[in-house]
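> this one's structure only:
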């Protein structure tokens, strides 16, 4: 075994928070401490936390996590959102140079960054800079995103809990929709990948997935080009048959030329440091689709149809009812990264591989593995074609994929 | 004891559904059955449910609930939204005449209507019609509303569970806000009464209510005239001090002349049968306030402020994590109405009286009582002045009032 280099470890949390990102942070701390980090004589002296990710690191705004009590760690793990604070900064080469210099200054030799594909890219650049300077810095990316859009993994910590929220919300909201019939649109997070919107279909009664008429009857993901005329027609068909319609639509839907439907409709569009238009934190897409349906489907001279739109918003990523599988995997991926970092001169990203078949009678099982930072950095995974059914639904395979991740949902009774 | 008149009982659920409105329906069924209704020889022959409230009753669309199994009733009770279906119809005198005729036709002598102040008014009119015709019809209103705006009660079934959702959502969303600082607006249901918006303040750490700097730092209820300039100034003060600001605002806020801020901003405004402008199911108010803050608070030539708005929408009234007190009281108010209806020739509405002092060390205790239908019908209760602090906060007394109703909230850990 390679001799561990002496120095400190640092942990950061970046991008949109999740219900389990603190599980991963605690997993890294516990993984390091389990091997003796922080104890007298151990090469790893301190375990530091970056306040607001790399923006805190470059300013030297660090918290000492080395001796946090077990109880406090466990409470933190069960607390949603990023306890250390997060950032939307996307470091370029010059910024990464400052990050590297901060690592040198604070004697950091183990760098853990919990985040999505942008965070993985930050790890990769910092890692390359340190290699070029001959400074040994072990860089690990710990995956996190509610969008489930990281390549190389079956799924990503954060997604199952957000999916659980979306499924539960759609279950309850569908009961509202059949109680007071009308057309209801729910707008779900997911800029490029439709996994979270697709999870809305878990709201259908589990014994009746095939041919279920439960809502949402229509599911629109960004992977399928959105055609407004076809959308109006889809809704009209369901509404004519049932007198109501329940719809889940991704904030990220775009037309056949790739133009975002939301971005073209949103007044006063705001872009973040990554050049992304703000889609969340606004009800504009839902309201625009709602107005479209009222206009197109109201008979001439008739009473306006009852159409409502809700945008689930930020609570879908931080709702404090995390999926049991997600809690365990988020924690485990942090521990796995810590163990890898102490196992030799390696860097990488933690991936989750499902080892049980999707569907069938075998219990769900998964394992962690190391993949290269470059394999995941700045890449986006989309829903595979076999998870999508037609232009407005998900496949039974997707529901089988999602079920063990989301965990047990409430059971309801109806007349 | 008065001899019970022979005939059937009918139960309806009206207006916006809640997480516990089925508890009340099950309470009525169980209350009637506990006294023998439906058994051979008992004067009450059948217990019927109206599909979609009075709109189903007048069409003869009824379900027989007399022999529903205990298990099914218990599962229904724990299912959110109105299991029988609801309606937005607000019956006028002519409609109430048709309701009365449907009661005659179906030999209904016991009329239970679960709803808000409009439902109470329907009960009152139907009751007067039956009295004028000399047809004995015992009419009972069972209270239900997330708005908590019924007069004569300490609080109303449905409110505590919705308040629990709002408080939990604000707890989680505040952690999101401190993780990625910015200005966050959450729009909460409540057309005329601010109780539900006020419940957002339960999100502050319970050990630090007084002088807490936890979000929401600003709470705007409809009882206080909303001044947009003062709003901008309030936000600027918090933002300048903290670099972030967390805001809860009622959908029902209006200016000093009583003009709804939401209604004036919403494009394509839709009104329901009660003449109310649609405020829920749209993100327009949040988006308008968000745009206002971006415009007013961004320094000349500066980067636009990060401002986000979420509108909690329909899930706040049906979220399947009901408050324990609310479940028990919703069930109990149904049982109480059933017992009253079989106790003699009375009609009325069920009210909840708190018998323990607000705050202090005594455990929460309440009792049901009968009040006249005319005492609650078509009236709206507002937040009392002692529950409001200044123009943008709630008082400690309101938090003491709300705490036992909402039930235990999660505890989170922070750095």
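That came through, no problem. Because the structure is predicted, anything quoted here is derived from the model rather than measured. Numbers count the residues shown, from 1 in each chain, chains lettered A, B, ... in the order given.

> which residue does chain A bring closest to chain B?
Nearest residue of chain A to chain B: residue A:283, at 1.3 Å (Cβ to the nearest Cβ). C-beta here means a position set from N, CA and C on the backbone, and glycine is covered the same way.

> Now for that residue: which residues touch it?
A:187, A:309-311, B:282-284, B:286-287, B:309, B:311 (Cβ atoms under 8 Å, 6 or more residues apart in numbering or on different chains).

> Residue A:66 too?
A:37-38, A:45-48.

> same check, this time on residue A:217
Contacts of residue A:217 (Cβ under 8 Å, 6+ apart): A:238, A:245-247.

> Lowest-scoring secondary structure element of chain A by mean pLDDT?
Ranked by mean pLDDT, DSSP states H and E, the weakest helix or strand in chain A is helix A:261-265, scoring a mean of 75.

> is chain B contacted by the host helix or strand of residue A:338?
Here residue A:338 sits within helix A:324-341, counting by DSSP states H and E. No: contact between helix A:324-341 and chain B is absent, the nearest approach being 13.8 Å (criterion: Cβ under 8 Å from any Cβ of the partner chain).

> what packs against the helix or strand that that helix is followed by?
Reading on from helix A:324-341 to the C-terminus, the next helix or strand found by DSSP H and E is strand A:348-354. With contacts taken as 3 or more Cβ pairs under 8 Å, 6 or more residues apart in numbering or on different chains; DSSP states H and E, strand A:348-354 sits against strand A:138-143, helix A:324-341, strand A:366-371, helix A:373-376.

> how far is strand A:348-354 from where the chain is centred?
15 Å (Cα atoms, centre = their mean, to the nearest Å).

> any idea which helix or strand carries residue A:169?
Here residue A:169 is assigned to helix A:159-179, by DSSP H and E.

> Touching, residue A:102 and residue A:95? I think so.
No: between residue A:102 and residue A:95 there is no contact under Cβ atoms under 8 Å: 10.7 Å.

> joint contacts of the two?
Between them, residue A:102 and residue A:95 share the contacting residues residue A:58, judged by Cβ under 8 Å, 6+ apart.

> Pick out whichever of those two has more residues nearby.
Using other Cβ atoms under 10 Å in any protein chain shown, the more surrounded residue of residue A:102 and residue A:95 is residue A:102, with 20 against 17.

> Could you dump the contacts of residue A:66 into a markdown table with distance to chain B, neighbour count and pLDDT added?
Converted to a markdown table, the contacts of residue A:66 look like this (distance: Cβ to the nearest Cβ, whole Å; neighbours: other Cβ atoms under 10 Å in any protein chain shown; pLDDT from 0 to 100):
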| residue | distance to chain B | neighbour count | pLDDT |
| --- | --- | --- | --- |
| A:37 | 19 | 23 | 97 |
| A:38 | 18 | 19 | 97 |
| A:45 | 20 | 18 | 97 |
| A:46 | 16 | 18 | 98 |
| A:47 | 14 | 24 | 98 |
| A:48 | 12 | 23 | 98 |
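
> number of nearby residues for residue A:23?
30.

> swap in residue A:129?
Neighbours of residue A:129 using other Cβ under 10 Å come to 19.

> Just the buried ones from the contacts of residue A:217, in PyMOL syntax?
One line in PyMOL is enough to select the buried ones among these; burial here means 16 or more other Cβ atoms under 10 Å in any protein chain shown:
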select buried, chain A and resi 238+245+246+247
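
> Check the gap between the residue nearest the centre of chain A and residue A:199 for me.
Centroid check for chain A by Cα atoms, centre = their mean gives residue A:146 as the closest residue, at 1.3 Å. Counting by Cβ to Cβ, to the nearest Å, the gap from residue A:146 to residue A:199 is 10 Å.
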